[in-house]
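S.K.: I'll drop the sequence and a predicted model, then ask my questions.
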Amino acid sequence: MPSGQHTARGAWKVAVWGPLAVIAVVFLGALSPLAMVTLPVSLGILAVVLAGRPSQRLGPPTTHRLRRRLLLGLPFVVVIVAVVVIGTLHIVLWNPLAKVPGMSLDEIHSRMAVAGESPGNLMMFLWVGFSLFLAAALVLACALPRMAGFFTARRIVVAGLVGIGITCFFHSFAGFSMGMSLADTFDVSGGDSAPSGPVVAVLGLLAAVAALLLAVVPVRRPKKSSDLPPGG
């Protein structure tokens, strides 16, 4: 297919899927809070599927090819794990200290206990487990030979960006209970006071936008001999 038609098809995908995704997030999120949890995952899967057709069968992947796939996915795994570490420290350490300056973490927890407010870290532990599951799934997608036909290099990058975006998106849910407990105990806002929270949010937004754009950009394929001009 000529490159002009590839570009037109990519522009059509951006024009159609971009607004539909935004409308779906706003509309379904207003109807049900559950949609705000399931929809990002669904959109992430959609982005991976849209990221091109499966590669041609080239026989069983060699050890060298599998190693290259692992090296391609490894940076995204490292970023997901880093977000988990930074996000956890934000919830349990940096944000409480920024909310109540001048008090130690032990003093903050003591005041919360007296007020009958529990940090409620269950959501945080679920977020950590789910995020590490995403990282492990990406490693398996790169390492398993039977997945090589579907998870092309392009799809590995999109899946890695989706994993970062989802991990960052659910960070706000992970810290919700702790934020509300701090707000009720010390009469402060329930939002983020430490800069690490907005950094995670912005990183997630950038990763999600990059995944969507990469998923819909047309794939350039080498010209077939029939497409070449005479004598080419």
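M.R.: Cool, got the structure.

S.K.: name the element residue 64 belongs to?
M.R.: Residue 64 belongs to helix 63-89 when assigned by DSSP states H and E.

S.K.: do you know how far the nearest residue to residue 175 once chain neighbours are set aside is from residue 85?
M.R.: Once flanking residues are discounted, residue 175 sits nearest to residue 91: 4.2 Å by C-beta to C-beta, 6 or more residues apart in numbering. For glycine as for every other residue, the C-beta is placed from the backbone atoms N, C-alpha and C. Separation of residue 91 from residue 85 (C-beta to C-beta, to the nearest Å): 11 Å.

S.K.: for residue 115, same thing?
M.R.: Separation of residue 115 from residue 85 (C-beta to C-beta): 29 Å.

S.K.: again, but for residue 196
M.R.: With the distance defined as C-beta to C-beta, residue 196 ends up 11 Å from residue 85.

S.K.: Of the two, which one has the most company?
M.R.: residue 196 (19 against 10; other C-beta atoms under 10 Å).

S.K.: Could I get the contacting residues of the more buried one?
M.R.: Contacts of residue 196 were listed using C-beta atoms under 8 Å, 6 or more residues apart in numbering, and they are 86-87, 89-90, 94-95.

S.K.: residues of the helix holding residue 64 that come out buried?
M.R.: 66, 69, 73, 76-77, 79-80, 83-84, 86-88 (16 or more other C-beta atoms under 10 Å).

S.K.: Could you export those residues as JSON lines, including distance to residue 156?
M.R.: Converted to JSON lines, these look like this (distance: C-beta to C-beta, whole Å):
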{"residue": "66", "distance to residue 156": "12"}
{"residue": "69", "distance to residue 156": "6"}
{"residue": "73", "distance to residue 156": "5"}
{"residue": "76", "distance to residue 156": "8"}
{"residue": "77", "distance to residue 156": "11"}
{"residue": "79", "distance to residue 156": "14"}
{"residue": "80", "distance to residue 156": "13"}
{"residue": "83", "distance to residue 156": "18"}
{"residue": "84", "distance to residue 156": "20"}
{"residue": "86", "distance to residue 156": "23"}
{"residue": "87", "distance to residue 156": "23"}
{"residue": "88", "distance to residue 156": "26"}
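
S.K.: What is the neighbour count of the residue nearest to residue 75 when sequence neighbours are not counted?
M.R.: Leaving aside its sequence neighbours, residue 75 sits nearest to residue 160 (C-beta to C-beta, 6+ apart; 7.4 Å). Using other C-beta under 10 Å, residue 160 has 28 other residues around it.

S.K.: Could you list every helix and strand that the host helix or strand of residue 160 packs against?
M.R.: Per DSSP H and E, residue 160 falls inside helix 153-169. Helix 153-169 is packed against helix 35-50, helix 63-89, helix 122-143, helix 196-216, with contacts defined by 3 or more C-beta pairs under 8 Å, 6 or more residues apart in numbering; DSSP states H and E.

S.K.: Scan the helices and strands of the protein for the one with the lowest mean pLDDT.
M.R.: Scoring the helices and strands of the chain by mean pLDDT, DSSP states H and E places helix 3-31 at the bottom, with a mean of 54.

S.K.: about what we covered before: for the residue nearest to residue 75, which residues are in contact?
M.R.: Contacts for residue 160 (C-beta under 8 Å, 6+ apart) come out as 73, 75-77, 79, 138.

S.K.: So which of the residues you listed is the closest to residue 181?
M.R.: Using C-beta to C-beta, residue 79 comes nearest to residue 181 of the contacts of residue 160, at 29.1 Å.
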